[in-house]
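*Asks:* coordinates only, sequence not included:
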């Protein structure tokens, strides 16, 4: 019997030792798992912070990009306006150069003919024709202006008459309303 007890004791002791070894192994695994979990949490926090910072930078970049687009649009509009102004100035310069060339040709023609009265008369007649055309245009504009002023004055007169009539009618309405109130008051009594 003693050997049986000794044998059971050895078996139980062996099982206890294995259980203690397994428990130690599980504790080691648990410690390692906790460390890995803590590292994963730290890493997740780091990436979360990094993600937040990147989102902030992305928002800022979007705002800056929108501002750049607005500025670019404004610059394009200014460029187009300046381009139109340049084109207009080029056209005016070309017109002025043509007129200057025409005047030089006329001057050269006068000089060649040594002040020929015929050439001078032609130039004088051309200047008179231009003057007459400008005078006619001025007279037409002056007449249109006079007509507009006359029409305006007539319209002002009619407006004043309408305002006078309106005031007269308002007085009549007020008097009629006063009579109506008096009549209603007397009828209630």
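*Replies:* Yep, that arrived. This is a predicted model, so every value here is computed, not measured.
*Asks:* okay, now residue 120: neighbour count?
*Replies:* Counted with other Cβ atoms under 10 Å, residues neighbouring residue 120 total 13. All C-beta atoms are positioned from the backbone trio N, CA, C, and that covers glycine.
*Asks:* Spell out the secondary structure type for it.
*Replies:* helix (DSSP: H, G, I helix; E, B strand; the rest coil).
*Asks:* if I look at it, how far off is residue 127?
*Replies:* 10 Å (Cβ to Cβ, to the nearest Å).
*Asks:* Also residue 139?
*Replies:* To residue 127, residue 139 is 18 Å away according to Cβ to Cβ.
*Asks:* Could you check which helix or strand contains residue 140?
*Replies:* Applying DSSP states H and E as the criterion places residue 140 in helix 117-188.
*Asks:* Could I get the average pLDDT for that helix?
*Replies:* Average pLDDT, helix 117-188: 78.
*Asks:* what's the offset of it from the middle of its chain?
*Replies:* 41 Å (Cα atoms, centre = their mean, to the nearest Å).
*Asks:* Report the central residue of the protein.
*Replies:* residue 70 (7.3 Å; Cα atoms, centre = their mean).
*Asks:* Taking helix 117-188 as reference, get the angle to the host helix or strand of it.
*Replies:* If you go by DSSP H and E, residue 70 is part of helix 2-112. Between helix 2-112 and helix 117-188, the angle comes out at 130 degrees (axes from the mean of the first three to the mean of the last three Cα atoms, to 10 degrees).
*Asks:* Which elements pack onto helix 2-112?
*Replies:* Based on contacts counted as 3 or more Cβ pairs under 8 Å, 6 or more residues apart in numbering; DSSP states H and E, the elements that helix 2-112 packs against are helix 117-188.
*Asks:* Please name every helix or strand in contact with the helix it packs on.
*Replies:* helix 2-112.
*Asks:* ok, residue 123 - how many residues close by?
*Replies:* Residues near residue 123, counting by other Cβ under 10 Å, number 15.
*Asks:* With the flanking residues excluded, which residue is spatially nearest to it?
*Replies:* residue 106 (6.0 Å; Cβ to Cβ, 6 or more residues apart in numbering).
*Asks:* Next, work out how far apart that neighbour and residue 23 are.
*Replies:* Distance from residue 106 to residue 23, by Cβ to Cβ: 121 Å.
*Asks:* So the two - more neighbours on which side?
*Replies:* Higher neighbour count among residue 106 and residue 23: residue 106, with 15 against 10, using other Cβ under 10 Å.
*Asks:* where's the more buried one relative to residue 131, distance?
*Replies:* From residue 106 to residue 131 the distance is 17 Å (Cβ to Cβ).
*Asks:* What of residue 2?
*Replies:* Counting by Cβ to Cβ - residue 2 and residue 131 are separated by 152 Å.
*Asks:* These two: who's more crowded?
*Replies:* residue 131 (10 against 6).
*Asks:* dump the residue contacts of that one.
*Replies:* Neighbouring residues of residue 131 by Cβ atoms under 8 Å, 6 or more residues apart in numbering: there are none.
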